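K.L.:
Got a predicted structure plus its sequence, pasted below:
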Amino acid sequence: MAVVCPRPNFFFIFYSEDADTYWVVPSLQLVKEANRNKGGKDGNGRNKGKYTIKLANFSKTKQRAVPRPRFRRYENNFDLLRSALNGGKRRT
C-alpha cells in the first residue's frame, strides 16, 4: 500500500473477514510497523517504496485466519478515532 504522507490524525482501517477483526492503525505507526518494499530482484518492481503489513496468519490447526499478537493494540480499537476527534482527549 502507498502511504503518501504519514501524519497525526490520519488512520488506516483494515478488516479481515476470515479473522472477523478490524485494525485501526495511525499512519505514523503504520510506517514504523510495516515493511517497506525494495523493488524485487532487479530493484525496479512496481511496489518499490510501498508498504506491506501482515496483520493475521492462517492457522492450519484452526483452519482460519488468526490475528497476530504483535498488533493486538490496534484490534477493533475505534477509540483511537474517537480520541483524534476529541483533540487527543480520551473519554471516560
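P.N.:
Received, thanks. Given the structure is predicted, the values throughout are model-derived calculations rather than measurements.

K.L.:
which residues touch the closest residue to residue 64 other than its chain neighbours?
P.N.:
Of all residues not flanking residue 64 in the chain, residue 18 sits nearest, at 5.5 Å (C-beta to C-beta, 6 or more residues apart in numbering). For every residue, glycine as well, the C-beta is placed using N, CA and C. Applying C-beta atoms under 8 Å, 6 or more residues apart in numbering to residue 18 gives the contacts 56, 64, 65.

K.L.:
got those as JSON lines, with pLDDT and secondary structure columns?
P.N.:
Listed next are these as JSON lines, based on pLDDT from 0 to 100; DSSP: H, G, I helix; E, B strand; the rest coil:
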{"residue": "56", "pLDDT": "96", "secondary structure": "strand"}
{"residue": "64", "pLDDT": "92", "secondary structure": "strand"}
{"residue": "65", "pLDDT": "95", "secondary structure": "strand"}
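
K.L.:
which one in the protein is furthest away from the centre?
P.N.:
Ranking residues of the chain by C-alpha distance from their mean position (C-alpha atoms, centre = their mean) puts residue 42 at the top, at 27.3 Å.

K.L.:
That residue belongs to a helix, doesn't it?
P.N.:
No - using DSSP: H, G, I helix; E, B strand; the rest coil, the assignment for residue 42 is coil, not a helix.

K.L.:
roughly how far apart are it and residue 25?
P.N.:
Applying C-beta to C-beta, to the nearest Å, the value for residue 42 to residue 25 is 31 Å.

K.L.:
how much space between the residue farthest from the centre of the chain and residue 36?
P.N.:
Distance from residue 42 to residue 36, by C-beta to C-beta: 17 Å.
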